[in-house]
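Asker: what's the 3D shape of this:
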Amino acid sequence: MSNAIVIIPTYKERENIRAIIDTVFGLAKDFHILVVDDSSPDGTAEIVEELQLTYNRPSETKLHLLKRPGKLGLGTAYITGFKYAIAAGYDYILEMDADFSHDPKDLVNLYLQCSEYGSDVSIGSRYATGVNVVNWPIGRVLLSYFASSYVRLVTSIPIRDTTAGFVCYRRTVLETIPLDEIKFVGYAFQIEMKFLAWKFGFQLTEVPIIFTDRTKGESKMSAGIFKEAFFGVLQMTIQSWFKKYIPGMTSQTSSAN
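Answerer: Numbering: from 1, shown residues only. Predicted coordinates:
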């Protein structure tokens, strides 16, 4: 059995899902895959089920699928996936998009940063060495870049790409963070996960990547997602002032000190 699993949340990714699965399974590192599909009306899950016949064997399940009853949000999809991966015994749990905006080859670097080089969380960063984004309009680049700058200013977290969704976690990080208390469901979920990992004292490392905007399928970005992040970060930071974060503990206790 592989010690690492890649979680890929999907909603209407029929045009991408077969290629992304084939590419990940073609890497030198033996990754398993968990697709968390929110009842895609375009048949995304059915394609995954077809591929399970190719990749799965009685002795090993490489391609896992969880089908949810509707579009419930990115954050809850990942939390569902995290719990599944922990229960299945994986030591390294990675997350990535289905649309090739994250280059699957970079999965190996993210994995090695945690498995060999001592990081607890490795982040595929668009902004660690400047701005490494391809095919985004300048307005969206600026919005994303300054959103991360805003998060750093408010929270003091030492990460340049706080909204990145290309991440590898050591199992112990996800066992420590109280997943049932995560508040955000959109892309702000990525901010909250990094913030909590940092507050609990885990080592976060940014790994430079080149982010390429999708060429197939449709973006899930919306104004509401940015609104959640903008106001939610302030609330999250203020609430953290009254909590203790103890490494290795799965609960946070209120403190007036």
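
Asker: pull the number of nearby residues for residue 104.
Answerer: A count of nearby residues for residue 104, using other C-beta atoms under 10 Å, gives 19. For every residue, glycine as well, the C-beta is placed using N, CA and C.

Asker: which ones are touching it?
Answerer: Neighbouring residues of residue 104 by C-beta atoms under 8 Å, 6 or more residues apart in numbering: 20, 23, 24, 27, 96.

Asker: what do you get for residue 47?
Answerer: Contacts of residue 47 (C-beta under 8 Å, 6+ apart): 14, 17, 18.

Asker: for the contacts of residue 104, could you give me JSON lines that also reports neighbour count, pLDDT and secondary structure?
Answerer: As requested, the contacts of residue 104 are arranged in JSON lines below (neighbours: other C-beta atoms under 10 Å; pLDDT from 0 to 100; DSSP: H, G, I helix; E, B strand; the rest coil):
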{"residue": "20", "neighbour count": "22", "pLDDT": "98", "secondary structure": "helix"}
{"residue": "23", "neighbour count": "14", "pLDDT": "98", "secondary structure": "helix"}
{"residue": "24", "neighbour count": "21", "pLDDT": "98", "secondary structure": "helix"}
{"residue": "27", "neighbour count": "14", "pLDDT": "98", "secondary structure": "coil"}
{"residue": "96", "neighbour count": "25", "pLDDT": "97", "secondary structure": "coil"}
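
Asker: any weak-confidence spans in the protein?
Answerer: By pLDDT under 70, the weakly predicted segments of the chain are 214-229, 248-257.

Asker: now do 90
Answerer: Along the chain, segments meeting pLDDT under 90 span 1, 73, 128-150, 152, 163, 183-188, 212-257.

Asker: helices of that one, start to end?
Answerer: Along the chain, the segments classed as helices by DSSP state H run 14-25, 44-55, 74-88, 106-115, 138-155, 171-176, 188-199, 223-240.

Asker: tell me the most buried of those?
Answerer: Among the helices of the chain, helix 188-199 has the highest mean neighbour count (mean count of other C-beta atoms under 10 Å), at a mean of 23.

Asker: in TSV: the helices of the chain, plus distance to residue 213.
Answerer: Output for the helices of the chain, formatted as TSV (distance: least, C-beta to C-beta, whole Å):
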stretch	distance to residue 213
helix 14-25	13
helix 44-55	20
helix 74-88	17
helix 106-115	16
helix 138-155	8
helix 171-176	28
helix 188-199	17
helix 223-240	16
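
Asker: wait, which of these is closest to residue 66?
Answerer: Minimum separation from residue 66 across those (C-beta to C-beta) falls at helix 74-88, 6.2 Å.
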